[in-house]
Structures are given as C-alpha cells and as structure tokens.
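Undergrad: I'd like to go over a predicted model; first the sequence, then the structure.
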Amino acid sequence: MTATQRARPEWFASFLADRGTQKRSAHTLAAYCRDFDAIAEIIVGGTDLTALRLSDINRDALRSAFALFAPTHAAASVRRCWSTWNTLCTDLYDDELIPANPMGSVGRPRSDETLSKALPPNVIDALLDTLDADQAMPRRRRDDWVERDRAMLLTALLAGLRLEELVGINFGDIRLVGDGALVHVRGKGRKDRRVPIEAPLVRDLKVYLASRRTRFPSGRRGSSPAGGLGSWPADAPLFISAKDGARITRSTVQYRVLRLFRRAGVDSERQRGALVHGLRHTFATDLANAKVSVYELKSLLGHTSIATSQRYVEGAGQETRAAAARNPLYERLRGD
C-alpha cells in the first residue's frame, strides 16, 4: 500500500484530490500524506487516522503534537510538516469546516540562512575507505551489498541528487556520452534536468551492475536503451533492494548511508538529520569552491530560484559538463 492509499478522513482525501487536480507531483502528494500522518497519529494516539475529527484540529492539540514531533526531526522536516498543516487548515477554514486556522499559534522553526555543513574531504575518504575494506571481506549480512552502496554514495556525491531523485533513477534515464554519461533527473515540482557524470562514476556503476547480474541472475532483462547502461529495460530501476531486487526504498537508502557513517566512525561529522541531503550539500559546496558559476550550479541542482544557488557561489562561468567535471572527488576516483 502506498502512502496515498492509507485510510484517512474524507475531508483530507478531498484536500488531497484538490491538490492532485492542481498537477502536484506524486512525490509532493506523498509528502502531504506523510506530514499529515505524523501529526494525526500523535493527536489520535494511534494509527487509525479515520478517528481524527475536525473538532480535534485546534490550537492546543496541534501545539502538543508539534511539540512531540519536533525533537525527533530535523528543522527542515518540521518546517515542511508545519507548511502542510497550514495549507490544510487554510483549506478547511475556507470551506467553513473549522472556525479558524490554528497554525498561526503553533511554533515553527526559523529557516536557517546558513548552509548545511558540507562534509570535509577526510570524511569522504573515511566513507570510501570503509567501503573498500568491506569489499575485501566476505559478505556478512544478507542486505550487505558494497558495490551498490558505493555506487549510490558516489552518485549522490557526484550528481547532487535529492533522495527521491536517487531512488527514482531508471536505466532509460542514463545515456552514455563519450566516456561519461548524462542522467535524466525527474526533479522536485516536475522540473526535469540532465546531470552529467564522468568516467570514474560510470565505471563504479558498471562494477555495481556486474555484481547485480551475479546476485540476481534471473532478474528482468531487456534490450538496453540506445546509448544506455546495461541490458535492462528502460523502466527498470537502477538501484534495487539486496533482498528481493525491487526498487530500493527511501528508508533503505537512508539506513545504508547512516550505517556507513557509523561504521566509518564519522557520524558526528554530519549535521543532525542530514544523510543523502548532506551528500547533495557537499556536491554543491565542492563545486562552489571550484569556482563554478551560480547559473551552472542552479542547473545542476535543479533549483527553482537562483537565490537558492546564490547561497553557494557568486559569479558566472562554465559549461555544465565542464563544471561538473571539476568536482574534486573525481580526482580521488581517477587515482583508485
């Protein structure tokens, strides 16, 4: 059952349907559901969301729920959840289903204008060294898959992808170009972009795919898309579960990254709540330090506003592929 299929009150289903007619992406609708569920479960004290009544949506209930929700979530997650509930309550008030929007009385974390902490080179080295050491050892757990985890880590670091974007890559989204490739990224808010990757990352992806053929010899195959990577159908997921070969989930990716940080002994070096998104910030910061222009950074990161990219870098400059190729992490991979 997907996030949007869970049983919820009819008035929330109507809210979600209205958002669907506004052409909101599936990712956005799923995020609305997750944010609603998190607070609703606290209010009703269980998992039966249909028990949530309109009369339960009041200042005191929402204040208490957010007070319990906030300590265990990153500030950005709390802000997003607050925004979801504010939008929902505004709609309910406009439809005269509640007497007022209580969210104005619910505290919201301020947006931090400083950038998330980028990972220093020694932390990246520690993560890669840990994976290299694991590769030299026999597999200890069923869900261990060093080649896949290394490919995912490097793709996040060298393509600057959001978690949903990383999980959503299909074989048809990758087109080999020279010794590198272009990745078609289905971004936030239905904004597609193409991110170039270089030969060292393509090499690691091919190593992962070779291990995938061994692990799942009977996996679904098909003719490779023109200029594609490997002999899988265009709609087949690039990154899959070690257990059943299905598309890897968001939670599994986050768990594998967290486990790697802990095993490498560098978990204290990342910001609280920053896993895959911390890798994306590192990608952006490394390119900003390499003097990539704000315009190219906006293109590579898929930002809607140039002001967001401006926080990383000022100036103007290079072609997109040349910009991406200057990521210093490629120097380490070329030397491996």
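TA: Noted; the coordinates are in hand.
Undergrad: average model confidence for stretch 143-162?
TA: Averaging the model's pLDDT scores along stretch 143-162 yields 92.
Undergrad: ignore the last one, stretch 288-306
TA: Stretch 288-306 shows an average pLDDT of 74 in the prediction.
Undergrad: may I have it exported as CSV, CA atoms only?
TA: As requested, the backbone C-alpha atoms of stretch 288-306 are provided in CSV (Å, rounded to 0.1, in the frame of the first residue of the first chain):
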residue,chain,number,x,y,z
ALA,A,288,31.2,26.3,-5.4
ASN,A,289,34.7,26.1,-4.0
ALA,A,290,35.9,25.1,-7.5
LYS,A,291,34.5,28.4,-8.8
VAL,A,292,31.5,27.0,-10.7
SER,A,293,29.1,29.8,-11.6
VAL,A,294,25.8,30.3,-9.8
TYR,A,295,24.0,29.7,-13.1
GLU,A,296,25.6,26.3,-13.7
LEU,A,297,25.0,25.3,-10.1
LYS,A,298,21.3,26.2,-10.4
SER,A,299,21.1,24.0,-13.5
LEU,A,300,23.0,21.1,-11.9
LEU,A,301,21.0,21.2,-8.6
GLY,A,302,17.6,21.8,-10.2
HIS,A,303,16.9,24.9,-8.1
THR,A,304,13.8,26.9,-9.0
SER,A,305,15.3,30.1,-7.8
ILE,A,306,18.8,31.4,-8.5
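Undergrad: show me where the stretch 101-250 of the chain has helices.
TA: Using DSSP state H, counting those that start in this stretch, the helices assigned to the stretch 101-250 of the chain run over residues 121-135, 146-159, 163-168, 199-215, 250-263.
Undergrad: and the longest one, what does it pack onto?
TA: Right, the one you point to is helix 199-215. In terms of contacts (3 or more C-beta pairs under 8 Å, 6 or more residues apart in numbering; DSSP states H and E), helix 199-215 is packed against helix 146-159, strand 180-186, helix 329-335. All C-beta atoms are positioned from the backbone trio N, CA, C, and that covers glycine.
Undergrad: return the residues in contact with residue 153.
TA: Residues counted as contacts of residue 153 (C-beta atoms under 8 Å, 6 or more residues apart in numbering) are 127, 128, 131, 257, 260, 279.
Undergrad: pretty sure the fifth one sits against residue 128.
TA: So that's residue 260. No. Counting by C-beta atoms under 8 Å, residue 260 sits too far from residue 128 to count as a contact (9.6 Å).
Undergrad: the two: which is more packed in?
TA: residue 260 (23 against 20; other C-beta atoms under 10 Å).
Undergrad: that older thread, tell me the most buried of the helices and strands packed on helix 199-215?
TA: Each of the helices and strands packed on helix 199-215 was assessed for mean neighbour count using mean count of other C-beta atoms under 10 Å. The highest is helix 146-159, with a mean of 23.
Undergrad: tell me the angle it makes with helix 121-135.
TA: Angle between the axes of helix 146-159 and helix 121-135 is 160 degrees (criterion: axes from the mean of the first three to the mean of the last three C-alpha atoms, to 10 degrees).
Undergrad: got the CA positions of helix 146-159 in CSV?
TA: Provided in CSV are the C-alpha atoms of helix 146-159 (Å, rounded to 0.1, in the frame of the first residue of the first chain):
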residue,chain,number,x,y,z
VAL,A,146,29.1,-3.0,-1.1
GLU,A,147,29.1,-2.4,-4.8
ARG,A,148,25.6,-0.9,-4.8
ASP,A,149,26.2,1.2,-1.7
ARG,A,150,29.4,2.6,-3.2
ALA,A,151,27.6,3.4,-6.4
MET,A,152,24.7,5.1,-4.6
LEU,A,153,27.1,7.1,-2.4
LEU,A,154,29.1,8.3,-5.3
THR,A,155,26.0,9.1,-7.4
ALA,A,156,24.7,11.3,-4.6
LEU,A,157,28.0,13.0,-4.2
LEU,A,158,28.8,13.5,-7.9
ALA,A,159,25.3,14.2,-9.3
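Undergrad: show me how far that helix is from its chain's centre.
TA: Relative to its chain's centre, helix 146-159 lies at 13 Å (C-alpha atoms, centre = their mean, to the nearest Å).
Undergrad: put together a markdown table for the helices of the stretch 101-250 of the chain, with distance to residue 300 on each row.
TA: Formatted as a markdown table, the entries for the helices of the stretch 101-250 of the chain read as follows, by distance: least, C-beta to C-beta, whole Å:
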| stretch | distance to residue 300 |
| --- | --- |
| helix 121-135 | 18 |
| helix 146-159 | 8 |
| helix 163-168 | 12 |
| helix 199-215 | 14 |
| helix 250-263 | 20 |
